[in-house]
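# need a 3D model of the following:
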Amino acid sequence: MSADTTTAPPAAAEASAPTQLTMAGALNAALRDAMAADDRVVVYGEDVGPLGGVFRVTDGLQTQFGEDRIWDSPLAESGIIGTAIGMAMYGMRPVVEMQFDAFSYPAFEQMVSHVAKMRNRTKGRVTLPMVVRIPCAGAIGGVEHHSDSSEAYWTSTPGLTVVMPSNPADAYSMLREAIDSDDPVVFMEPKSRYWSKAPLALPVTTAPMDRAEVVREGADVTLIAYGPTVRTALEAADAAVDEGLSIEVVDLRSLSPFDDETVGASVRKTSRAAVIHEAAQFGGYGAEVAARVTERNFHHLAAPVLRIAGFDIPFPSPKLEEYHLPTADRVLAALDAWEWDA
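This is a model prediction of the structure:
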């Protein structure tokens with residue numbers, strides 16, 4: 001009997017055999033599949049064409065899709081975002097790369113004044129289906145301007161969706177979803193995770209990009225992490241077992257909007273919470289998380305919400321970043337400061 005082709009998925013959606021894939025490879029595959037599925041998707045930025053990007057995320061795409069679909073931009077981030085705004089207004093779906101997080105600051109005015117406000121300014125008549133990819137955070141031995149954690153700037157801007165995957169599967173699925181979104185998405189990519197590997201059968205669909213996930217069950221404390229610090233949180237949870245401490249790890253995935261439901265359910269179960277990020281503590285994203293968790297779960301908390309973060313200094317030189325960035329030992333030391341008999 002022949003197969004019923006009327007119900008079979010299209011060839012492009014058929015899952016491949018599982019293969020080890022890095023996060024950079026998963027992002028590359030997501031861009032490739034999105035461009036193949038929709039000719040309105042274009043990709044551009046500094047060195048994303050023949051070079052394939054500094055981190056090779058766009059490797060081979062120009063060869064496959066041509067210079068009309070993926071090209072090198074001038075070294076002008078404000079111009080990159082400004083042209084993307086115009087393209088998105090007229091029906092295209094641009095995906096632009098800022099190359100490094102601190103390089104995005106020249107485009108800040110465009111992002112805050114126009115990208116974030118266009119839907120509201122036009123009473124919903126004009127949307128901006130564009131994705132701004134921003135390699136972010138440290139732990140790669142980068143120098144100044146190459147290791148910033150700028151997420152708090154973007155999450156404090158209403159009108160922007162801000163997401164950050166921590167693993168290859170989420171990287172693929174969330175980038176495909178971001179490109180399909182009719183609203184602008186700041187897609188932050190932790191540089192230190194580009195080379196992390198996982199067996200994937202593409203295309204893969206994980207949880208919706210606006211949902212957090214419990215990536216390790218625990219009973220004593222909820223450790224809230226995102227992007228590069230998810231691995232650190234899991235390492236801390238492993239080490240805590242020897243101390244008789246059960247840590248539940250929540251990967252936020254979406255920084256804005258915030259998944260109160262998933263985070264709140266975990267905090268109410270454990271009665272304690274801490275948040276970990278690489279950015280400086282003062283004014284960092286963790287402050288919003290701590291306030292939000294406290295406001296919504298105050299009567300379930302046995303102790304104040306802790307923040308484990310980078311120091312309140314500009315990002316240090318490569319030889320000092322291992323002291324600056326949060327580690328599993330710093331997480332456990334912070335948790336030890338609680339009065340556990342409370």
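
# for stretch 46-60, buried residues please.
Buried residues in stretch 46-60, defined by neighbour count with 16 or more other CB atoms under 10 Å: 46, 48-49, 52-59. To be clear about C-beta, it is placed using only N, CA and C from the backbone, and glycine gets the same treatment.

# touching, residue 41 and residue 30? I think so.
No. Contact criterion CB atoms under 8 Å: residue 41 and residue 30 do not qualify, at 10.6 Å.

# and for those two, which residues touch both?
Counting by CB atoms under 8 Å, 6 or more residues apart in numbering, the shared contacts of residue 41 and residue 30 are residue 179.

# tell me where this protein has helices.
23-37, 61-65, 77-89, 108-110, 118-121, 151-155, 168-180, 229-240, 260-270, 285-297, 321-324, 328-336 (DSSP state H).

# compare these and give me the one nearest residue 303.
helix 328-336 (9.6 Å; CB to CB).

# tally up the residues packed near residue 238, please.
Neighbour count for residue 238, taken as other CB atoms under 10 Å: 12.

# now it, nearest residue through space, not along the chain?
Nearest residue to residue 238 in three dimensions, chain neighbours excluded: residue 328, at 7.9 Å (CB to CB, 6 or more residues apart in numbering).

# what is the burial count for the one you found?
By the measure other CB under 10 Å, the count of residues near residue 328 is 18.

# for the closest residue to residue 70 other than its chain neighbours, what are its contacts?
In space, and not counting its chain neighbours, residue 70 is closest to residue 43: 4.3 Å by CB to CB, 6+ apart. By CB under 8 Å, 6+ apart, residue 43 lies in contact with 31, 35, 58, 61, 69-70, 94-97.

# now residue 43: how far from residue 132?
Counting by CB to CB, to the nearest Å, the gap from residue 43 to residue 132 is 12 Å.

# which residues are in contact with both of the two?
residue 96.

# need the contact list for the residue nearest in space to the middle of the chain.
Geometric centre of the chain, nearest residue: residue 164, 0.8 Å, by CA atoms, centre = their mean. With contact taken as CB under 8 Å, 6+ apart, residue 164 is in contact with 136, 151, 187-190, 226-227, 252-253, 255.

# any idea how far residue 148 is from it?
Residue 164 is 13 Å from residue 148, by CB to CB.

# anything in contact with each of the two?
residue 136.

# nearest residue to residue 302 other than its sequence neighbours?
residue 271 (4.4 Å).

# and the pLDDT at the one you found?
Per-residue pLDDT puts residue 271 at 96.

# how many residues are close by it?
Look at residue 271: counted by other CB under 10 Å, it has 16 neighbours.

# quick one: contacts for it?
300-303.

# closest one to residue 276 out of those, please.
Nearest member of those to residue 276, counting by CB to CB, is residue 303, at 16.0 Å.

# contact partners for the closest one?
271-272, 338-339, 342.

# how close does it get to residue 245?
13 Å.

# how about residues contacting the helix or strand of the chain with the lowest mean pLDDT?
Least confident helix or strand, the chain: helix 321-324 with a mean of 82, by mean pLDDT, DSSP states H and E. Helix 321-324 is contacted by residues 138-139, 141, 147, 310-311, 313, 315-316 when judged by CB under 8 Å, 6+ apart.

# okay, it in PDB with CA atoms only?
What follows is helix 321-324, C-alpha atoms only, in PDB (Å, rounded to 0.1, in the frame of the first residue of the first chain):
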ATOM      1  CA  GLU A 321      37.700  37.200  34.100                       C
ATOM      2  CA  GLU A 322      37.700  33.800  36.000                       C
ATOM      3  CA  TYR A 323      37.700  35.800  39.200                       C
ATOM      4  CA  HIS A 324      35.000  38.200  38.000                       C
END
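
# can you list the buried residues in that helix?
Those would be 321, 324, for helix 321-324 by 16+ other CB under 10 Å.

# same question, stretch 76-89
Going by 16+ other CB under 10 Å, stretch 76-89 has these buried residues: 77, 80-85, 87-89.

# same deal with stretch 256-272?
With the criterion 16+ other CB under 10 Å, stretch 256-272 contains buried residues 256, 258-259, 262-264, 266-267, 270-272.

# the residues you listed: which two are farthest apart?
256 and 271 (26.2 Å).

# what sits against the residue nearest to residue 92 when sequence neighbours are not counted?
Nearest non-adjacent residue to residue 92, counting by CB to CB, 6+ apart: residue 40, 5.0 Å away. Residue 40 is in contact with 91-93, counting by CB under 8 Å, 6+ apart.

# buried members of those into PyMOL, please.
Only the buried entries of the contacts of residue 40 go into this PyMOL selection, using 16+ other CB under 10 Å:
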select buried, resi 92+93
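
# in JSON lines: the contacts of residue 40, plus pLDDT and distance to residue 20.
Shown next, in JSON lines, are those (pLDDT from 0 to 100; distance: CB to CB, whole Å):
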{"residue": "91", "pLDDT": "94", "distance to residue 20": "38"}
{"residue": "92", "pLDDT": "97", "distance to residue 20": "34"}
{"residue": "93", "pLDDT": "98", "distance to residue 20": "30"}
